[in-house]
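A.B. asks: predicted structure and sequence below. I'll ask about it afterward.
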Amino acid sequence: MSMMFSVLFSVAGLVLGLLLIVGGIVLLVIGSRRRDDSTSRAPLALGVTLLVIGTAAAVPSLLWTLLPFMA
């Protein structure tokens, strides 16, 4: 039972991390399309932040998802 919850939470963390990465990519594209430097800083900064947080959530979750299949 414990292993099932572990896999469930790791898959949920993986989905959350991937959603954050996609959101970061979208904000980077929006920020790079703006011509004015002062209005492009906020989406670019938020996009990079979402990419970093999404990667920090997705990589360990991916490892915990694949761990039961490696044993």
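C.D. replies: Done, it's in. Numbers count the residues shown, from 1 in each chain.
A.B. asks: what's the longest helix along the chain packed up against?
C.D. replies: In the chain, assigned by DSSP state H, the helix with the most residues is helix 37-70. Judged by 3 or more Cβ pairs under 8 Å, 6 or more residues apart in numbering; DSSP states H and E, the packing partners of helix 37-70 are helix 2-33. In this view, the C-beta of every residue, glycine as well, is placed from N, C-alpha and C.
A.B. asks: buried sites along the longest helix of the chain?
C.D. replies: Neighbour counts over helix 37-70 (16 or more other Cβ atoms under 10 Å) mark 43-44, 46-47, 50-51, 53-54, 57-58, 61-62, 64-65 as buried.
A.B. asks: doesn't Gly17 make contact with Leu50?
C.D. replies: No. Assessed by Cβ atoms under 8 Å, Leu50 is found out of contact with Gly17, at 10.2 Å.
A.B. asks: in the chain, where is pLDDT below threshold?
C.D. replies: 1, 71 (pLDDT under 70).
A.B. asks: follow-up on the earlier one: how much does the longest helix of the chain deviate in direction from helix 2-33?
C.D. replies: If you take axes from the mean of the first three to the mean of the last three Cα atoms, to 10 degrees, helix 37-70 sits at 160 degrees to helix 2-33.
A.B. asks: how far is helix 37-70 from where the chain is centred?
C.D. replies: 3 Å (Cα atoms, centre = their mean, to the nearest Å).
A.B. asks: can you pull the contacts of the residue nearest to the spatial centre of the chain?
C.D. replies: Nearest to the mean C-alpha position of the chain, by Cα atoms, centre = their mean, lies Gly54 at 2.1 Å. Gly54 makes contact with Leu16, Gly17, Leu18, Leu19, Leu20, Ile21, Val22, Gly23, Gly24, according to Cβ atoms under 8 Å, 6 or more residues apart in numbering.
A.B. asks: could you flag which of these are buried?
C.D. replies: For these, a burial check counting by 16+ other Cβ under 10 Å picks out Gly17, Leu18, Leu20, Ile21, Gly23, Gly24.
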